Structure formats: C-alpha cells, structure tokens
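*Asks:* Sequence below, structure please.
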Amino acid sequence: MASTLTDRLSRLVKTMRGQARITESNVADMLREVRLALLEADVALPVVRDFIARVKDKALGQEVAGSLNPGQALVGIVHRELAATMGELDAAGALEPPADIDLATQPPAVILMAGLQGSGKTTTTAKIAYRLTNRDKKKVLMASLDTRRPAAQEQLKVLGEQVGVATLPIVAGQTPLVIARRAMEMGRLQGFDVVLLDTAGRLHIDDELMGELVAVKTAVAPQETLLVADAMTGQDAVTMATQFDQKVGLTGVILTKVEGDARGGAVLSIRAVTGKPVKFLGVGEKLDALEVFHPDRMASRILGMGDVLSLIEKAQATFTQEQAEEAQQRLTSNSFTLEDFRKQMAQMNKLGSLEQILGMLPGGQKLKSAIEGDKPEREMKRVTAMIDSMTIRERRDHTIINGSRKKRIARGSGASVQEVNRLIKQFLSAKKLAKAMTGAGGRRQLAQLMRSM
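*Replies:* Numbers count the residues shown, from 1 in each chain. Below you'll find the predicted structure:
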C-alpha cells in the first residue's frame, strides 16, 4: 500500500528527525523532496501545492523554532498535514473521527453502490453486507440492479450465500428501476434494517449509466451513495469520483485493490479534490478484507511509522479472549504441539498477508523490502501440508517422528525429508521463543535466544 511513497518519505523522516536546527534552507530542501515524492506517487498537483504551502507555513513558525527537538516537531507537522489532507478538521482544528456508514434513518436504510465495471463493486457490496451483519448485527438485504453484465445478479446471489446475507429473488426481464422498487418493498415488508443496491457498471462513464443511476436514486432516496473506485488507477479514480459526484451526488468513496497500489495517489487526493470522505479500503479478496479508513493511521503508514492500532483491532476481531488465554496456557505449560502450531498459523493468516502485517509495524517497511514476493505465504502452505500429512499422534508428540516417519510425511506432502527436518526445527525454535516471551525473565531469555538464532 503506497510502498514507493513510503520508502521515500520514511528515509526523509529519518533525516528530518536528526535535524538539531531548522532553517529556511533545510526546510526548503526537505519540502523539495516531499514534493517530488508526492508527484511521483501520482498525487494531484493542486493537492501537492496546498500541502507543501501548509507545511512550509507551519515549519517556519514558532511551533518548530521553539521546540526542544525541531526535527521531531517537523515530522509531527508533516504527519498532521498528511492526515488533514486525507480527512476533515473540525472547528477547533482537530481531525474528525473516521467516516463510517450512516444508518441514522427510518429502516430500511438504503445504500446505493456505484462505480465502473471492474472496480470490484459487487464484491465490495458483499463485504459491506458482511460487515453490517457481523459487526453491527443488522438484517441486510442485497439486490443487484445490473441487468447488462452476464450473470451479475447470480454473482451477488452466490456472494450472499457465502456471507449469510439475503438477496432479492431474481426475476428475468425487469429494469433496474423496477428491481430497486421491489427491493424497497421487500425491505419494508420483511423488516430489513439495510438494503444494499448494487448498480450496473460500465467500462467508461456515459450518459446512459448516469441517467440510470439518477433515476434509481430519485426513486429510492438512499441514505448513502458510495462510489467504488480502483485505487490502482491513480488520478483516473479521482477524476471519476469528481464526475460521479457532479452528476449523481456522492456521500463517500470506497477504494479497492489498495494492497496492490504502490503509489498511493488516489488515497491522498480524493478527499482534497472531491470533498467526499474515503470511508473504506478494500485490502484483499476475502470478504472480511475491508478496513475503515483512518486518515491519521494512513499518514503514519505512509511515513513508515506503522499502524499498530489497526493491527490490534484486527487481532481482537480475529482472536477471542478465550483463544488467547488457551494459547498462552499451552505455551507456558510446555504442552504446545505441532497441532497448535498449525492452528496458530491459520489464525495468523486471518490477519492478512505478512506484507500487510509488516506494513502496520513501525519500521516494517525495511523488513518488507527483504521479503521475496509471496515466499512467506508459500512457505506457510508447505508447512501446513507437511503437518496435515502427519498422524494425530505425530502432531501431538513430535518426538516419535523418526526417519521412516519423516519419509512418509515427505511423500504425503510433496516435500523432502530435509524440509520435514527444517519444519521440526522451526517448531522447536518457535516453541522456545514463545516460552521465553511468556515466562519469567522473558526479555533476558528472548535476547539470548535471538542471539543464538
């Protein structure tokens, strides 16, 4: 996510922090580097100019000059102004809370989904339904108004079955307007809290698409009209958001495929150009891979400072208190097995890819650059296959795995005996590491263990 921009700005942040004295000259040098980094990231030129002007004004003011650590104060200004560019400030100059979905209306609240074909609109509709159902405990109905793309309505029906959300029964030959009215009627009669309308996309913006959207919006009076845009298209996503807002009227934007966006121009530009908040980020293909957009946290990620709060929230949503306590108890009682090892890997996988997790850790960008593509994920799959090829007794007691058993496990998982040996060694190291972290004098033992490893 915006990895190219993060690389450049995190190096710059390190230089800025080391400044013992701030002058007009070194501020100008720093801002020149920031300007180049933002332009290379495909951030809109007016946004870059405004950002640079705000930072320069504050950097040469009393806030930095009177600081005990001018370099740190300068980093703080860049962080705050980045967050302000992506978010909204209140009357007191503080950052407003993240913009969530507004459901404050007489049920059913209608959410109209718009966007171009290929932006991930239908999948995002299902992700929002999953979130509203599981997190907010809302009764949700989804309806596809896309009568042009082959099997679009069937796709939403299948996604509804996967997330456990009701979908409007498909009736062939109906127009989008008729489908929308039927969805509203079903929503009212059957007591749904939310009705999600997935409209048709096009390969480009045209009058027919806009006319259809305006007609549907007029008929259903949605509480939210959300644009789903592909973050990887950069400034094209910003231009599209502007055009949709002018012709239809938006309440927010959802950026998809953010995990593949190395530049980050759309994330940084949309709010400043359109005035509409980015409400969510699509960070993967899984139906729970939808993050609330926090401008301050995104600013921290872009500057290479990590986003530990989001990682904690993800972990809390993935692991229950009971699971955490059970895992800790097994670790401290020395009863941790290969079976537990596999279970922990499966739970870690729910947090996202290793690249995403490292992106949320301070300094994680350096570790990310040392990782070869999806090698960690492939390695985890191989480890899982080897453990699955073991008997229950072998998983629970690794000491019985002798030479002949290793050969059988290797054959069953398509691995070599050397790889099975390496797995057992990794398991023992992980077990020792975890015990050192949870036991008495854990920090000292952990340091000794890391040196030996």
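*Asks:* Who are the contact partners of the closest residue to Met86 other than its chain neighbours?
*Replies:* Using C-beta to C-beta, 6 or more residues apart in numbering and skipping the chain neighbours, the partner closest in space to Met86 is Pro295 (3.9 Å). From N, CA and C alone the C-beta is placed, and that goes for glycine too. By C-beta atoms under 8 Å, 6 or more residues apart in numbering, the contact set of Pro295 is Leu82, Ala83, Ala84, Thr85, Met86, Gly87, Leu95, Pro98, Arg271.
*Asks:* what does Ala152 give?
*Replies:* Neighbouring residues of Ala152 by C-beta under 8 Å, 6+ apart: Thr122, Ser144, Asp146, Asp198, Ala200.
*Asks:* Please report the distance of the fourth one from Gln243.
*Replies:* When C-beta to C-beta, to the nearest Å is applied, the distance between Asp198 and Gln243 equals 20 Å.
*Asks:* what do you get for Ala152?
*Replies:* Ala152 sits 22 Å away from Gln243, going by C-beta to C-beta.
*Asks:* can you check His398 too?
*Replies:* In this view, His398 and Gln243 are 61 Å apart by C-beta to C-beta.
*Asks:* try His294
*Replies:* His294 sits 27 Å away from Gln243, going by C-beta to C-beta.
*Asks:* So which of these two has more stuff around it?
*Replies:* More neighbours surround His294 than the other of His294 and Gln243, with 22 against 14 (other C-beta atoms under 10 Å).
*Asks:* Can you check the pLDDT for the more buried one?
*Replies:* His294 is assigned 85 on the pLDDT scale.
*Asks:* quick one: it and Glu96 touch, right?
*Replies:* No - between His294 and Glu96 there is no contact under C-beta atoms under 8 Å: 11.0 Å.
*Asks:* how about the residue nearest to Tyr130 when sequence neighbours are not counted, what does it touch?
*Replies:* Nearest non-adjacent residue to Tyr130, counting by C-beta to C-beta, 6+ apart: Val163, 4.2 Å away. Going by C-beta under 8 Å, 6+ apart, Val163 touches Ala126, Ala129, Tyr130, Thr133, Leu287.
*Asks:* To what extent is Pro97 buried, counted in neighbours?
*Replies:* Neighbours of Pro97 (other C-beta under 10 Å): 11.
*Asks:* which SS class is it?
*Replies:* coil (DSSP: H, G, I helix; E, B strand; the rest coil).
*Asks:* how near is it to Leu39?
*Replies:* Taking C-beta to C-beta, one finds Pro97 at 30 Å from Leu39.
*Asks:* cool, and Asp236?
*Replies:* According to C-beta to C-beta, Asp236 and Leu39 sit 16 Å apart.
*Asks:* cool, Ser300 as well?
*Replies:* Taking C-beta to C-beta, one finds Ser300 at 22 Å from Leu39.
*Asks:* Those two: who's more crowded?
*Replies:* Between Ser300 and Leu39, Ser300 has the larger neighbour count (other C-beta under 10 Å), namely 21 against 13.
*Asks:* which stretch of helix or strand covers Val267?
*Replies:* According to DSSP states H and E, Val267 maps onto helix 265-274.
*Asks:* need the next SSE after that helix, C-terminal direction.
*Replies:* Using DSSP H and E, the helix or strand that follows helix 265-274 in sequence is strand 278-282.
*Asks:* Sheet-wise, list the partners of that next one with their directions.
*Replies:* Strand 278-282 has its sheet partners listed here by DSSP bridges as strand 252-256 (parallel), strand 290-292 (antiparallel).
*Asks:* okay, these, which one's buried deepest?
*Replies:* Most buried of the strands paired with strand 278-282 by mean neighbour count (mean count of other C-beta atoms under 10 Å) is strand 252-256; its value is a mean of 27.
*Asks:* so how far is it from its chain's centroid?
*Replies:* In this view, strand 252-256 has its centroid 12 Å away from the chain centroid, taken as C-alpha atoms, centre = their mean, to the nearest Å.
*Asks:* got the angle for it vs helix 265-274?
*Replies:* With axes from the mean of the first three to the mean of the last three C-alpha atoms, to 10 degrees applied, the angle from strand 252-256 to helix 265-274 works out at 170 degrees.
*Asks:* Can I get strand 252-256 in PDB? Just the C-alpha atoms.
*Replies:* C-alpha atoms of strand 252-256 as PDB (Å, rounded to 0.1, in the frame of the first residue of the first chain):
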ATOM      1  CA  GLY A 252     -18.400   8.800   0.200                       C
ATOM      2  CA  VAL A 253     -15.800   6.700  -1.600                       C
ATOM      3  CA  ILE A 254     -14.500   3.100  -1.200                       C
ATOM      4  CA  LEU A 255     -11.100   2.500  -2.600                       C
ATOM      5  CA  THR A 256     -10.400  -1.100  -3.700                       C
END
